[in-house]
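Undergrad: Provided below for reference: sequence and predicted model.
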Amino acid sequence: MTNTSDTAPVKLYRTPKSGHCHRVELMLALLDVPYETIDLDMMNGAHKRPEFLAISPFGQVPAIEDNGLTLSDSNAIIVYLADQYGDLDEWAGRTATERAEVQRWLSIAAGEIYQGPCSARLVTLFGAPLDHETAKAKAEALFTMMDSHLKTREWLALDRPCLADVAGYSYIAHAPEGGVSLAPYPAIRAWLDRIEALPRFIGMVRSAALA
């Protein structure tokens with residue numbers, strides 16, 4: 001993206017096929033925040049070098065640098081970006097009930113989405129030593145619930161796109177790469193289409209044909 005302000009662009013440390021990293025890049029894009037990506041060679045231990053540990057103490061991506069601020073954890077980063085560069089009430093909820101509902105879906109992103117479609121994809125793409133069948137079963141249980149939820153609404157948490165949708169999109173859109181088909185879930189597919197139709201949407205690198 002082109003920097004259109006007097007401040008330096010946000011630096012996003014990432015690996016291109018990470019859904020956690022894409023979650024942050026999608027938020028940056030939707031907010032139209034100037035940024036640059038710095039791809040880390042995880043296979044050769046770039047994430048464990050002292051200079052990166054100073055930015056992300058657990059050696060995890062994504063992480064950002066923003067005019068002197070360093071921050072890791074994808075959900076923490078998208079909350080920060082919404083507050084710093086957007087309207088936090090719009091993205092995180094205007095009322096106590098809205099904020100609680102958004103937080104519930106952020107917890108699902110860190111829990112059921114990670115344990116299900118994310119973990120299944122980690123096995124097939126990166127050879128992670130996880131139980132693939134268990135991860136697929138968790139993904140299918142999650143998707144059954146989500147598809148029912150989305151049959152009567154357009155967005156996960158609010159009456160508009162919000163942090164919940166940003167946090168949920170990447171691993172669900174790429175679930176077929178982990179062996180979990182989206183074909184049985186028409187409401188989820190329609191929700192994904194709505195996100196992809198948002199102004200400035202940016203997709204994640206695809207690793208396989210999605211079914």
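TA: Perfect, thanks for sending it.
Undergrad: For the rest of this, base every contact and every neighbour count on C-alpha atoms.
TA: Will do.
Undergrad: Tell me which helix or strand in the chain has the weakest average pLDDT.
TA: The helix or strand of the chain with the poorest confidence is helix 50-53; it has a mean of 89 (mean pLDDT, DSSP states H and E).
Undergrad: Show me what the following helix or strand past that helix pairs with in its sheet, parallel or antiparallel.
TA: Following helix 50-53 in sequence order, the next helix or strand is strand 63-66 (DSSP states H and E). Next to strand 63-66 in the sheet, as set by DSSP bridges, lie strand 10-14 (antiparallel), strand 69-72 (antiparallel).
Undergrad: Would you mark the buried spots in strand 63-66?
TA: For strand 63-66, a neighbour-count test (16 or more other C-alpha atoms under 10 Å) marks 63, 64, 65 as buried.
Undergrad: can I get the CA coordinates of stretch 94-113 in PDB?
TA: C-alpha atoms of stretch 94-113 as PDB (Å, rounded to 0.1, in the frame of the first residue of the first chain):
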ATOM      1  CA  ARG A  94     -21.500   0.500  20.700                       C
ATOM      2  CA  THR A  95     -23.300  -1.100  23.700                       C
ATOM      3  CA  ALA A  96     -22.400  -3.600  26.400                       C
ATOM      4  CA  THR A  97     -24.400  -6.300  24.600                       C
ATOM      5  CA  GLU A  98     -22.700  -5.600  21.300                       C
ATOM      6  CA  ARG A  99     -19.200  -5.600  22.800                       C
ATOM      7  CA  ALA A 100     -19.900  -8.800  24.600                       C
ATOM      8  CA  GLU A 101     -21.100 -10.500  21.400                       C
ATOM      9  CA  VAL A 102     -18.000  -9.300  19.500                       C
ATOM     10  CA  GLN A 103     -15.700 -10.600  22.300                       C
ATOM     11  CA  ARG A 104     -17.500 -13.900  22.200                       C
ATOM     12  CA  TRP A 105     -16.500 -14.400  18.600                       C
ATOM     13  CA  LEU A 106     -13.000 -13.300  19.200                       C
ATOM     14  CA  SER A 107     -12.800 -16.000  21.900                       C
ATOM     15  CA  ILE A 108     -14.200 -18.500  19.300                       C
ATOM     16  CA  ALA A 109     -11.500 -17.400  16.900                       C
ATOM     17  CA  ALA A 110      -8.900 -18.100  19.500                       C
ATOM     18  CA  GLY A 111     -10.600 -21.400  20.600                       C
ATOM     19  CA  GLU A 112     -12.800 -23.300  18.200                       C
ATOM     20  CA  ILE A 113     -11.500 -21.800  15.000                       C
END
